[in-house]
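Peer 1: just need the structure, nothing else, for what follows:
(chains A and B)
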Amino acid sequence: EAGVTQFPSHSVIEKGQTVTLRCDPISGHDNLYWYRRVMGKEIKFLLHFVKESKQDESGMPNNRFLAERTGGTYSTLKVQPAELEDSGVYFCASSAFPGDSDTQYFGPGTRLTVL
Amino acid sequence: EDQVTQSPEALRLQEGESSSLNCSYTVSGLRGLFWYRQDPGKGPEFLFTLYSAGEEKEKERLKATLTKKESFLHITAPKPEDSATYLCAVLSNSGYALNFGKGTSLLVTP
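Peer 2: This next block holds a predicted model:
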């Protein structure tokens, strides 16, 4: 079974540019999550989709971040315009619902560097 | 607010030297405590879920235990391939967001 995949693995952009990150969850997983780890800090929650609906976006830092999950399959996270403090590693995770004991399975992450 | 504190931040062990990693937590209502392993450049890899005080889970050289205030990850006779960052996270009854600690970086030398 394929795991959670993320694209790209790395992205380097200039301040003010736009970047779109993509996440493909495990097939059949209705729940999809975005997390972020900035340098020296712990992994922090950004938002949670159940199918195509945003269940919880309390962790989104500001309105420069836009997450979508059209059709309830893959998700994109767009940062526009990017700022220096947006640099970090963005992780996507997915879980089955109900069942599977709430276990979230993580992708390899996208390392974003804003110059 | 939920809080997760892991100690030590870093740990260096000789191969075969057993030790324990600590995860202290405060949460309004615990739905689950999760242990993950993370290798450099990779995402967190699920290890265990613990749900209630007194519960224990084992996998190869790893054993996780849970009390009402903390969890321990015991590593018995570690090998160099056990070197990684070990992350603890809690899930509360109020939602589905994992709340992570900063992790313990473990290095096992031959």
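
Peer 1: how about the strands in chain B?
Peer 2: Taking DSSP state E as the criterion, chain B contains strands spanning B:3-7, B:10-14, B:19-26, B:30-38, B:45-50, B:56-59, B:62-66, B:70-75, B:84-92, B:99-100, B:104-109.

Peer 1: out of the ones you listed, nearest to chain A?
Peer 2: strand B:99-100 (4.3 Å; C-beta to the nearest C-beta). To be clear about C-beta, it is placed using only N, CA and C from the backbone, and glycine gets the same treatment.

Peer 1: list the helices and strands the closest one packs on?
Peer 2: Contact analysis of strand B:99-100 by 3 or more C-beta pairs under 8 Å, 6 or more residues apart in numbering or on different chains; DSSP states H and E lists strand B:3-7, strand B:84-92 as its packing neighbours.

Peer 1: mind redoing it with 6 Å?
Peer 2: strand B:84-92 (3 or more C-beta pairs under 6 Å, 6 or more residues apart in numbering or on different chains; DSSP states H and E).

Peer 1: compute the inter-axis angle for the strand it packs on and strand B:70-75.
Peer 2: Strand B:84-92 runs at 150 degrees relative to strand B:70-75, counting by axes from the mean of the first three to the mean of the last three C-alpha atoms, to 10 degrees.

Peer 1: Throw the strands of chain B into a markdown table and include mean neighbour count and mean pLDDT, thanks.
Peer 2: Output for the strands of chain B, formatted as a markdown table (neighbours: other C-beta atoms under 10 Å in any protein chain shown; pLDDT from 0 to 100):
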| stretch | mean neighbour count | mean pLDDT |
| --- | --- | --- |
| strand B:3-7 | 17 | 97 |
| strand B:10-14 | 14 | 98 |
| strand B:19-26 | 18 | 98 |
| strand B:30-38 | 21 | 95 |
| strand B:45-50 | 18 | 96 |
| strand B:56-59 | 12 | 96 |
| strand B:62-66 | 20 | 98 |
| strand B:70-75 | 20 | 98 |
| strand B:84-92 | 23 | 96 |
| strand B:99-100 | 22 | 97 |
| strand B:104-109 | 17 | 98 |
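
Peer 1: can those go into JSON lines with extra columns for distance to residue A:106?
Peer 2: Putting those into JSON lines (distance: least, C-beta to C-beta, whole Å) gives the following:
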{"stretch": "strand B:3-7", "distance to residue A:106": "17"}
{"stretch": "strand B:10-14", "distance to residue A:106": "22"}
{"stretch": "strand B:19-26", "distance to residue A:106": "18"}
{"stretch": "strand B:30-38", "distance to residue A:106": "7"}
{"stretch": "strand B:45-50", "distance to residue A:106": "7"}
{"stretch": "strand B:56-59", "distance to residue A:106": "18"}
{"stretch": "strand B:62-66", "distance to residue A:106": "18"}
{"stretch": "strand B:70-75", "distance to residue A:106": "18"}
{"stretch": "strand B:84-92", "distance to residue A:106": "10"}
{"stretch": "strand B:99-100", "distance to residue A:106": "11"}
{"stretch": "strand B:104-109", "distance to residue A:106": "18"}
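
Peer 1: and those: which comes nearest residue A:4?
Peer 2: Closest to residue A:4 of the strands of chain B, according to C-beta to C-beta: strand B:45-50, at 11.2 Å.

Peer 1: need the distance between the two termini of stretch B:38-46.
Peer 2: 9 Å (C-alpha to C-alpha, to the nearest Å).

Peer 1: distance between it and the chain's centre?
Peer 2: 13 Å (C-alpha atoms, centre = their mean, to the nearest Å).

Peer 1: could you do stretch B:38-54 as well?
Peer 2: 6 Å.
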